[in-house]
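Return atomic coordinates for the entry below.
(one chain, ligands or ions: 1)
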Amino acid sequence: MTIELASIDENVWDQLAGASVQSDHDLRYLSLATLSDGKVPVSRLLVLRGLNKSDRTLIFHTDTMSEKWSELSAYPKASVLGFSAEKGEQFRFQGTVELYAPSAELNQLEWNKLSVWSQNTYCGGPPGEETQAPSSVLQKDLQPPSDAALERGRLRFGVLKFNAESLDWFRLQRSDNRRAKFFYNASGGIENTGWINP
Ligand SMILES: Cc1cc2nc3c(=O)[nH]c(=O)nc-3n(C[C@H](O)[C@H](O)[C@H](O)COP(=O)(O)O)c2cc1C
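A predicted model of the protein is given here:
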């Protein structure tokens, strides 16, 4: 592996580490694509909540009543896509997702990191269900949620751990675009890498 390729990979994960703790970061919202029951690709944006550079994992939060949770329960393969406008770089990862339900220790750790207002987003109606009003949060509910409501939310809260298995990196630079592939092994090391035609 050349020094340049090693530093590209290093830089990708450093940028993502920044995005996992900085709400105004370029890469704070990543697209997660899954496969539906009918084998139709479905993508959506998620907040990057955490990351472990050494084992190549990304942490996302979601509702266990959402479509993505059932899609990933049935088929855990996923693709994560990010774009840094600042650097003109696209990151496309492929990997497998582990789901952490409310009884899991990681789930409880992540829940405890959230503000009450973020926890409150899990206390409304099931995602995707039709409603009469534009929001599931009623005006009267714009007060700190009760302990009982928060407990209902906690039981809906889910954590997704995305284990990156490969990265397809692309930098847009006018007439000299660059693209490289990285394959990670089970312990998070780079198994194989190389330049590819953009
Ligand atoms: C900027 C942005 C950030 C979002 N972050 C999250 C998130 O962290 N977790 C989540 O479950 N949904 C998040 N959403 C909503 C999802 O994109 C999606 O609409 C919702 O989770 C339903 O997805 P599903 O029906 O495919 O499961 C976000 C939406 C936007 C626009």
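
where exactly do the strands run in the protein?
Counting by DSSP state E, the chain has these strands, from start to end: 29-35, 41-47, 50-52, 57-63, 77-84, 89-100, 157-171, 178-184, 190-195.

now for the ones you listed, which one comes closest to residue 111?
Using CB to CB as the criterion, the shortest distance between residue 111 and the strands of the chain is 5.4 Å, found for strand 157-171. Using the backbone N, CA and C atoms, a C-beta is placed for each residue, glycine as well.

thinking again about what came up before, pipe the strands of the chain into TSV and attach mean pLDDT and distance to residue 114 per row.
Below are those laid out as TSV (pLDDT from 0 to 100; distance: least, CB to CB, whole Å):
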stretch	mean pLDDT	distance to residue 114
strand 29-35	98	17
strand 41-47	98	11
strand 50-52	97	12
strand 57-63	98	8
strand 77-84	98	21
strand 89-100	98	14
strand 157-171	98	8
strand 178-184	97	29
strand 190-195	96	33
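
Need the ones you listed in TSV (columns: mean neighbour count and distance to the ligand).
Listed next are the strands of the chain as TSV, based on neighbours: other CB atoms under 10 Å; distance: least, CB to the nearest ligand atom, whole Å:
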stretch	mean neighbour count	distance to the ligand
strand 29-35	18	4
strand 41-47	14	3
strand 50-52	17	11
strand 57-63	21	3
strand 77-84	18	11
strand 89-100	18	12
strand 157-171	21	8
strand 178-184	18	24
strand 190-195	14	28
